[in-house]
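Q: here is a sequence with its predicted model. Questions after.
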Amino acid sequence: EVQLVQTGGDLIQPGGSLRLSCAASGFTVGSNYMHWVRQAPGKGLEWVSLIYSGGGTYYADSVKGRFTISRDNSKNTLYLQMNSLRAEDTAVYFCAVGFGSGYSDYWGQGTLVTVSS
Amino acid sequence: DIQMTQSPSSLSASVGDRVTITCRASQGITNYLAWYQQKPGKVPKLLIYAASTLQSGVPSRFSGSGSGTDFTLTISSLQPEDVATYYCQKYNGAPWTFGQGTKVEIK
């Protein structure tokens, strides 16, 4: 059974850093498309970042240079390192997996990141 | 970057009605389009990929069509459990942009 279990959301001050984790089971993180998607309160879905099976990474312009996506194949876990956080980064962050293509077959439960002083 | 525009932003229909949501890409994306359903307070769920392929387990009242720049999600007979916000997403390359969403309610 495919499962994505997320941890790491918190209340953080502007300018701070936070790392989100997404532990996978039922498939191999390193062999699939892994996404981060966020949803600000009351708003729509916003794609944030992707890591390919080959290790290539992509970012939305809104987070480029501040966020880093990575994975630990030995732990079968996806990460999102978020630095220089801003109020507008406040959102529920979802990890998601795409088997064989760029759409997302399965999603994690989401974790709330609140950036506020 | 390619922009994805959905219409309408919201709609209200009666149980049993046929509902159509459109998604337009600012440039051609062949059939690299997915549709998701997000019920209130829940995680998004994949409904359709490759513009018209129904994900396993999704009711057959949902269907997708289109290619290039214009796409459609149709619910053939709206049910109460279909109350949700629906999103399209392009996946032909970075960025994997979502449409702004269409909120579907029961009249």
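A: All right, it came through fine. Residues are numbered from 1 along each chain as shown, chains lettered A, B, ... in the order given.
Q: grab the nearest non-local neighbour of the closest residue to chain A within chain B.
A: In chain B, no residue comes nearer to chain A than B:Tyr91, which is 3.2 Å away by CB to the nearest CB. From N, CA and C alone the C-beta is placed, and that goes for glycine too. Leaving out its chain neighbours, the residue that sits closest to B:Tyr91 by CB to CB, 6 or more residues apart in numbering or on different chains is A:Gly102, at 3.2 Å.
Q: so where do the strands sit in the chain?
A: Unless you meant another one, I'm taking chain A. For chain A, applying DSSP state E gives strands covering A:3-7, A:11-12, A:18-25, A:33-39, A:45-51, A:57-59, A:67-72, A:77-82, A:91-98, A:106-107, A:111-115.
Q: I was after chain B.
A: B:4-7, B:10-13, B:19-25, B:33-38, B:45-49, B:53-54, B:62-67, B:70-75, B:84-90, B:102-106.
Q: which residues does A:Ser116 contact?
A: Neighbouring residues of A:Ser116 by CB atoms under 8 Å, 6 or more residues apart in numbering or on different chains: A:11, A:13-14, A:87, A:90.
Q: can you pick the most crowded of those residues?
A: Most neighbours among the contacts of A:Ser116, by other CB atoms under 10 Å in any protein chain shown: A:Thr90, with 17 neighbours.
Q: give the bridge partners for the one residue sitting closest to the centre of chain A, please.
A: With distances taken as CA atoms, centre = their mean, chain A has A:Trp36 as the residue nearest its mean C-alpha position (3.2 Å). A:Trp36 has the following beta-bridge partners by DSSP bridges: A:Ser49, A:Cys95.
Q: show the contacting residues for the residue nearest in space to the middle of chain B.
A: Centroid-nearest residue in chain B: B:Trp35, 4.0 Å away (criterion: CA atoms, centre = their mean). The neighbours of B:Trp35, taking CB under 8 Å, 6+ apart as the test, are B:23, B:46-49, B:62, B:64, B:73, B:86-89.
Q: so it bridges to which residues?
A: With DSSP bridges as the rule, B:Trp35 is bridged to B:Ile48, B:Cys88.
Q: how about the contacts made by the residue of chain A found nearest chain B?
A: Closest residue of chain A to chain B, CB to the nearest CB: A:Gly102 (3.2 Å). Counting by CB under 8 Å, 6+ apart, A:Gly102 touches A:33, A:50, B:32, B:91-93, B:96.
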